[in-house]
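1. Structure of the sequence below:
(2 chains)
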Amino acid sequence: MRNSEIAALLYSISELLELKGENPFKVRAYVKAARAIEGMTEDIEEMAAQKRLREIPGVGASIAEKIEEYLITGKIELYGDLLKQVPAQLHDLMRIPGIGPKTAQVLYKKLGVKSIDELEKAARQHRVRRLEGFGAKKEENIIRAIERYRQRSTRIPLGTALPLARGIIETLKKYGVTDRIEPAGSLRRKKETVGDIDLQATSKDPLTAIEAFVHLPVVKTILGKGSTKATIVTRDAIQIDLRIVEDRSFGTSLQYFTGSKEHNIKLRDLARQKGLKLSEYNLEDVLTGKKIYCSSDDEVYIKLGLPPIPAEIREDTGEIEAALQGKLPELVELGEIKGDFHTHTNWSEGTNTLEDMALAAKYMGYEYIAITDHSKSLGVAHGLNEERLRKQMEEIERLNGKLEDFHIFSGTEVDIKADASIDFPDSILRQCDVVVAALHVGQRQTRREITGRLIAAMENEHVDIIAHPTGRIIGEREGYDVDMDALLTTAANTDTVLEINAYPSRLDLSDVNARKAKSRGVRLTIDTDSHSTEQLGFMEFGINVARRAWIEKEDLVNTRAVKDVRFKD
DNA sequence: GCCGTTTTCGGCCCGACTGTTTTCAGTCG
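-> Below you'll find the predicted structure:
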């Protein structure tokens, strides 16, 4: 599929148009089309062949023509023309807060500045302040913004941000300085990484609340402090905003600051069509001027005539349309999870015993757990050989005789070796209740080789689940080069279950890929890959991914009662 | 450039802040 390739091209065109100072709505039109193409599961080449490109929301006559041009000739004339007028690199300047398309264009035209380095040099030489419409203050702000940009930390994994935010909320509640307090922004939408942490609160005494916030023990620097808003940076270089809002505006404000921006644009447009004006302060009847206040963000949706849209899917990827048609998914909830199919014990590299893991899972309210220690070739993880695996099965049988209302499935996380063979023979795999297959070595092979190995594993009748299908580690390494389209097709054809690995640094499949898997009819499971009893709690992070992927209870294997669990025959 | 249960043309989310101005453009969230 060439969907992402074409989406990337449309994004580039929009960036160049933006730099050129083109009509902002035209710029947005390209972004909208790119987003739609990026997120859809249908093959764009097939749609083009069937002359169905204009069915894609946001694709009209002009963009459809350009996509066809690209598929036939391999290039788009407009794109080439734009590149002759504006250096593509110039868009980097807009990464500096305070610099938008207009400023970037002026800096380029008047000073020849194309990169952040060149801009910093020009500013330090006081060449920027002499430009018309600029001044000393603006120049200083640019220098400071570049400094902050350089030392700013990369995006924060949700696994770090969420506990931090909860801790702060708990503390402020304990101090009694805030009444209602909630996370907003991408944190509330549970994105896998967040840029900063947004908190929103109400308070009878906003000044005291702000003071308490900026003096929390985690605070390293206070970036700003006003009467209703403060921004701090923690010792771990994480930026946190606290905003105090009026009690009656809490719902509209939370809706607004939760975003996403694209979702809000569409929602406000919808409000307008109904004769209402939605802002962060209230919902206003345009004709009568009557103001409507909402105590929760759910209420905002209800007042707009929609069912409440869960925060996790507010990304303008079809959720508003679904809400209008009454077809919102019933997103899976943590309480619906009945077991975990990927866990480790001290038989391989885990820290707890079999019994510890089982009891912890039972205590969490689960009906079952699968023990899937590594297989023999994974020496670093003390992988089990056939002999030890058989012993473990005996131990599991013994425990199953002892445990009440709980079942342990015996399993293995069997390695898919570099030559595409499976680390255990079929005779062994057959004896396991659950076979989880995963790729650990040879991660740098070509796309063809990697995909071939995964497909070979899925075609093995004993392989039930593919664990962490892309191998990515958030903030550390991209996944291995896998043909996701081929992977999903084979998973669907062989009825192999794909994993949403809940380990916070993995979250693999990602939200986007998990949603594609669902739309292809692939069955999924959320597993923690726990190496200790505490890590069984990572399930929450897998649920976040699943909800962002529009996953419902029925799409998952591990929402089934123990008697209904079945894998491919 | 896209789009239509008020529209095939004229709209396209909304409010606030900042710095440069002397009434506003640019940027942000």
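
2. since we're on the residue lying closest to residue A:184 once chain neighbours are set aside, how many residues are nearby?
-> Nearest residue to residue A:184 in three dimensions, chain neighbours excluded: residue A:257, at 3.9 Å (CB to CB, 6 or more residues apart in numbering). In this view, the C-beta of every residue, glycine as well, is placed from N, C-alpha and C. Here the count is done by other CB atoms under 10 Å, and residue A:257 has 21 residues near it.

3. Just to be sure, residue A:257 is in a strand?
-> No - according to DSSP: H, G, I helix; E, B strand; the rest coil, residue A:257 belongs to no strand; its state is helix.

4. So it sits against residue A:182, correct?
-> No - using CB atoms under 8 Å, residue A:257 is not in contact with residue A:182, being 9.4 Å away.

5. which strands and helices sit next to the strand or helix carrying residue A:150?
-> Applying DSSP states H and E as the criterion places residue A:150 in helix A:136-151. In this structure, helix A:136-151 packs against helix A:116-124, with contacts taken as 3 or more CB pairs under 8 Å, 6 or more residues apart in numbering; DSSP states H and E.

6. the inter-axis angle of the helix it packs on versus helix A:136-151?
-> For helix A:116-124 against helix A:136-151, the angle between stretch directions is 150 degrees (axes from the mean of the first three to the mean of the last three CA atoms, to 10 degrees).

7. Give the other helices and strands that helix A:116-124 contacts.
-> Against helix A:116-124 (3+ CB pairs under 8 Å, 6+ apart) you get helix A:101-111, helix A:136-151.

8. what element comes up after the last one heading to the C-terminus?
-> It stands for helix A:136-151. Assigned by DSSP H and E, the successor of helix A:136-151 is strand A:156-157.

9. just to revisit the earlier point, how about the residue nearest to residue A:184, what does it touch?
-> By CB atoms under 8 Å, 6 or more residues apart in numbering, the contact list for residue A:257 reads A:184-185, A:198, A:200, A:243, A:280.

10. How about residue A:185?
-> A:194, A:196-198, A:257-259 are the contacts of residue A:185 under CB under 8 Å, 6+ apart.

11. which one of these sits closest to residue A:99?
-> For those, the residue nearest residue A:99 by CB to CB is residue A:196; the value is 19.0 Å.

12. Just give the nearest non-adjacent residue to the closest one, would you?
-> That would be residue A:239: by CB to CB, 6+ apart, it lies 4.0 Å from residue A:196.

13. Now do the contacts for the one you found.
-> Residues counted as contacts of residue A:239 (CB under 8 Å, 6+ apart) are A:152, A:195-197, A:223, A:231-233.

14. and these, which of them are in strands?
-> Under the assignment DSSP state E, those contribute A:197, A:223, A:231-233 to strands.

15. Three-state assignment for the residue of chain A positioned farthest from its centre, please.
-> Most distant residue from the mean C-alpha position of chain A: residue A:130, 43.3 Å away (CA atoms, centre = their mean). For residue A:130, the assignment made with three-state DSSP gives coil.

16. pLDDT below threshold where in the stretch 151-300 of chain A?
-> Along the stretch 151-300 of chain A, segments meeting pLDDT under 70 span A:153.

17. for DNA strand B, what are the nearby residues on it?
-> Within the stretch 151-300 of chain A, the residues that sit near DNA strand B (CB under 7 Å from any atom of the strand) are A:257, A:261, A:264-265, A:268-269, A:271-273, A:275, A:277-281, A:284.

18. and those residues, which two are the farthest apart?
-> Greatest spatial distance among those (CB to CB): A:257 and A:275, at 24.5 Å.

19. The residue nearest to residue A:523 when sequence neighbours are not counted and residue A:377, how far apart?
-> Nearest residue to residue A:523, sequence neighbours excluded (CB to CB, 6+ apart): residue A:497, at 4.8 Å. When distance is defined by CB to CB, to the nearest Å, residue A:497 is 23 Å away from residue A:377.

20. Neighbour count: these two, which is higher?
-> Here residue A:497 and residue A:377 are compared on neighbour count by other CB under 10 Å; more neighbours surround residue A:497, at 26 against 19.

21. My guess is that one contacts residue A:567. True?
-> Yes - counting by CB under 8 Å, residue A:497 touches residue A:567, with 6.6 Å between them.

22. Name the residues contacting each of those two.
-> Counting by CB under 8 Å, 6+ apart, the residues touching both residue A:497 and residue A:567 are A:464-465, A:557.

23. neighbour-wise, which of the residues you listed leads?
-> Highest neighbour count within the shared contacts of residue A:497 and residue A:567: residue A:465, with 29 neighbours (other CB under 10 Å).

24. residues near residue A:346, how many?
-> The local packing of residue A:346 (other CB under 10 Å) involves 16 other residues.

25. Excluding sequence neighbours, find me the nearest residue to it.
-> Nearest non-adjacent residue to residue A:346 (CB to CB, 6+ apart): residue A:353, at 5.8 Å.

26. Backbone dihedrals for that neighbour, both of them.
-> phi -80, psi 170 (degrees, to the nearest 10).

27. number of nearby residues for it?
-> Other residues near residue A:353 come to 15 when the count uses other CB under 10 Å.

28. How about residue A:100?
-> 13.

29. List the contacts of it.
-> Contacts of residue A:100 (CB under 8 Å, 6+ apart): residue A:94.

30. What separation do you get for it and DNA strand B?
-> 2 Å (CB to the nearest atom of the strand, to the nearest Å).
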